[in-house]
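Trainee: have a look at this prediction, sequence included:
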Amino acid sequence: MPSKITAPRGTQDILPPISRDWLDLETRIHALAERFGYSEIRTPMFEATELFVRGVGETTDIVEKEMYTFLDKGERSMTLRPEWTAPVMRAALEQNLFAQGPQRLYYVGPIFRYERPQKGRYRQAHQFGVECIGYRGPEADFEVISLAWELVRSYDLTGAQLRLNTIGDDVCRPRYRDALIAHFRPHLAELSPDSQRRLERNPLRVLDSKDERDIALVRTAPTFESVLCDACREHFDALRAYLDAAQIPYVVDPSIVRGLDYYTRTVFEITSSVLGAQSTVCGGGRYDGLVRSLGGPDVPAVGFALGLERFLMMLDAMQPQRERPRYGVQAIALGAQARAMLVPLVDILRRTLAQPVFMDYEDRKLLAHLKIADRNNARFALILGSDEIVAGELVLRDLEMRSDRRVTLGRAADVAGALAEMAP
């Protein structure tokens, strides 16, 4: 007998009823993005490897350690999408979207990273994110943060906190780079191997380290506040003023630098305490130089990404025993004659009702059919047996309220009307 084939390590099957939670979240995401004026973009799941090397940065963990890269049959290096921003910018550049003016784009879909699998972190994960392209002012930063905060607020996520920082631009960042090297270099031997290697190439990445050997030195490192140029300081102050006016609470956290090389000025994270320690819900920031690094015009942009697996895990932790509301109709035929009469009615209901209609086609006793209705979490049962056929009626049972109502057999409009009256 052939051995059983299992899903690849670091992936998961999303099965009912959990898939309903995914659908509910994605539905809310689509509605929220539309309210903010964003349009969906979908890009290929694999791209030229060079896109991520140039766009994300050679010294990032993603490029150095985590990408799924392969040679295709034409000996071209391809990489499964490890993040969305670079592909979105590639698509906008290739399709000449920038000639049409500013763009508001969002995405929902999988990313692929080779890292040690753990709960809430998979080698195939899913992200929701937005890209606001074409605006240099802090208004765009505020808009993107407000959108992310609205999603978190709508779920009343426990202990949610917006953490904010600025990492300057091409004018003031070199000064900060020099200040960091001067701070860390005397303690080079005390740093982790990764931080030792990054110090000369990209010292900001040292600030992002979670290695215990680095944390104390990172805590005493100089902050960007001491070297900000006037333009970056004005941008950050204006963003904070917008957040204050909207009564969106935040804390300034100098340790936030984000893990990708393309960020400039504003960077932010939203965290939650629902899983115990501070856990990141989403993160993002401004990346004014990314399009230029990909061979395009000087187009500013700001955005964020949110991991769906982590977010749903937080919702489960908040309501571990939550009951899903009953929804839909289970059509129950008791016998072959009843089944022949009920199947056409079910077909009509499926085309006219705004809720699911289930039907099992096997010969079973009523109790067995009702157990199937419970498994489907149906709110109603539509029952037809020999007695009902003689009477020319159907029994419509409310499985939540445990009440019955009889409706005329063969008239889908009467069934729909009765359903509307029983569960308005």
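Mentor: Here it is on my side, so go on. Residues are numbered from 1 along each chain as shown.
Trainee: quick check: residue 37 is in a strand.
Mentor: No: with DSSP: H, G, I helix; E, B strand; the rest coil as the criterion, residue 37 is assigned coil and is not in a strand.
Trainee: what's the neighbour count on it?
Mentor: Neighbour count for residue 37, taken as other C-beta atoms under 10 Å: 10. Glycine gets a C-beta too; all of them are placed from N, C-alpha and C.
Trainee: also residue 309?
Mentor: 18.
Trainee: would you map the helices across the stretch 1-150 of the chain?
Mentor: Along the stretch 1-150 of the chain, counting by DSSP state H, counting those that start in this stretch, helices occupy 18-35, 49-55, 61, 85-94, 138-154.
Trainee: rank those helices by pLDDT, which is bottom?
Mentor: Lowest mean pLDDT within the helices of the stretch 1-150 of the chain: helix 61, a mean of 68.
Trainee: what about the helices in the stretch 201-350 of the chain?
Mentor: For the stretch 201-350 of the chain, the helices defined by DSSP H, counting those that start in this stretch cover 204-207, 212-219, 230-245, 290-293, 308-318, 336-352.
Trainee: which residues does the closest residue in space to residue 90 that isn't next to it in sequence contact?
Mentor: Closest residue in space to residue 90, ignoring its immediate chain neighbours: residue 51 at 5.6 Å, by C-beta to C-beta, 6 or more residues apart in numbering. Contacts here follow C-beta atoms under 8 Å, 6 or more residues apart in numbering; on that basis residue 51 touches 79, 86, 87, 90, 294.
Trainee: list the contacts of the second one.
Mentor: Remark: with contacts taken as C-beta under 8 Å, 6+ apart, residue 86 is in contact with 47, 51, 52, 55, 56, 262, 290, 294.
Trainee: need the max-distance pair from those.
Mentor: Greatest spacing in the contacts of residue 86, by C-beta to C-beta: 47 and 262 (15.4 Å).
Trainee: of those two, which one has the most company?
Mentor: For residue 47 versus residue 262, the count of surrounding residues by other C-beta under 10 Å is larger for residue 262: 23 against 19.
Trainee: on the pLDDT front, check the more buried one for me.
Mentor: Reported pLDDT for residue 262: 69.
Trainee: residue 229 contacts residue 171, doesn't it?
Mentor: Yes: Residue 229 is in contact with residue 171 according to C-beta atoms under 8 Å; the separation is 4.6 Å.
Trainee: show me the shaky parts of this structure.
Mentor: The model of the chain has pLDDT under 70 over residues 58-61, 258-262, 277-278, 320-322, 423-424.
Trainee: and the closest residue to residue 134 other than its chain neighbours, how many neighbours does it have?
Mentor: Of all residues not flanking residue 134 in the chain, residue 102 sits nearest, at 3.0 Å (C-beta to C-beta, 6+ apart). Using other C-beta under 10 Å, residue 102 has 14 other residues around it.
Trainee: touching stretch 183-196 from outside, list them.
Mentor: Residues contacting stretch 183-196 (C-beta under 8 Å, 6+ apart): 199, 203, 205, 206, 209, 211, 213, 214, 217, 220, 221, 222.
Trainee: how much space is there between residue 394 and residue 406?
Mentor: 7 Å (C-beta to C-beta, to the nearest Å).
Trainee: one more: residue 93?
Mentor: 64 Å.
Trainee: what do you get for residue 214?
Mentor: With C-beta to C-beta as the criterion, residue 214 and residue 406 are 73 Å apart.
Trainee: these two - which one has more neighbours?
Mentor: residue 214 (22 against 14).
Trainee: touching, that one and residue 206? I think so.
Mentor: Yes: contact criterion C-beta under 8 Å: residue 214 and residue 206 qualify, at 6.5 Å.
Trainee: residue 368 versus residue 378, what's the distance?
Mentor: Distance from residue 378 to residue 368, by C-beta to C-beta: 14 Å.
Trainee: run through the residues that contact the residue lying closest to residue 126 once chain neighbours are set aside.
Mentor: Distances taken as C-beta to C-beta, 6+ apart place residue 308 nearest to residue 126, at 4.2 Å, with adjacent residues excluded. Listed by C-beta under 8 Å, 6+ apart, the contact partners of residue 308 are 22, 25, 26, 108, 125, 126, 127, 128.
Trainee: recalculate using a threshold of 10 Å.
Mentor: Going by C-beta atoms under 10 Å, 6 or more residues apart in numbering, residue 308 touches 14, 21-22, 25-26, 29, 108-110, 125-128.
Trainee: would TSV of these with neighbour count and distance to residue 254 be doable?
Mentor: Converted to TSV, those look like this (neighbours: other C-beta atoms under 10 Å; distance: C-beta to C-beta, whole Å):
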residue	neighbour count	distance to residue 254
14	14	38
21	16	36
22	14	36
25	20	32
26	15	35
29	21	31
108	19	32
109	17	33
110	15	33
125	20	28
126	20	31
127	21	26
128	25	27
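Trainee: endpoints of stretch 369-381, how far apart?
Mentor: 9 Å (C-alpha to C-alpha, to the nearest Å).
Trainee: buried sites along that stretch?
Mentor: Using 16 or more other C-beta atoms under 10 Å as the test for burial, stretch 369-381 gives 369, 370, 372, 373, 376, 377, 378, 379, 380, 381.
Trainee: closest to residue 349 among those?
Mentor: residue 380 (10.8 Å).
Trainee: show me what that closest one is bridged to.
Mentor: residue 329, residue 398 (DSSP bridges).
Trainee: which residues sit in contact with it?
Mentor: So residue 380 contacts 326-331, 355, 357, 373, 396-401, 405, 415, 418-419, 422-423 (C-beta under 10 Å, 6+ apart).
Trainee: done for today, thanks.
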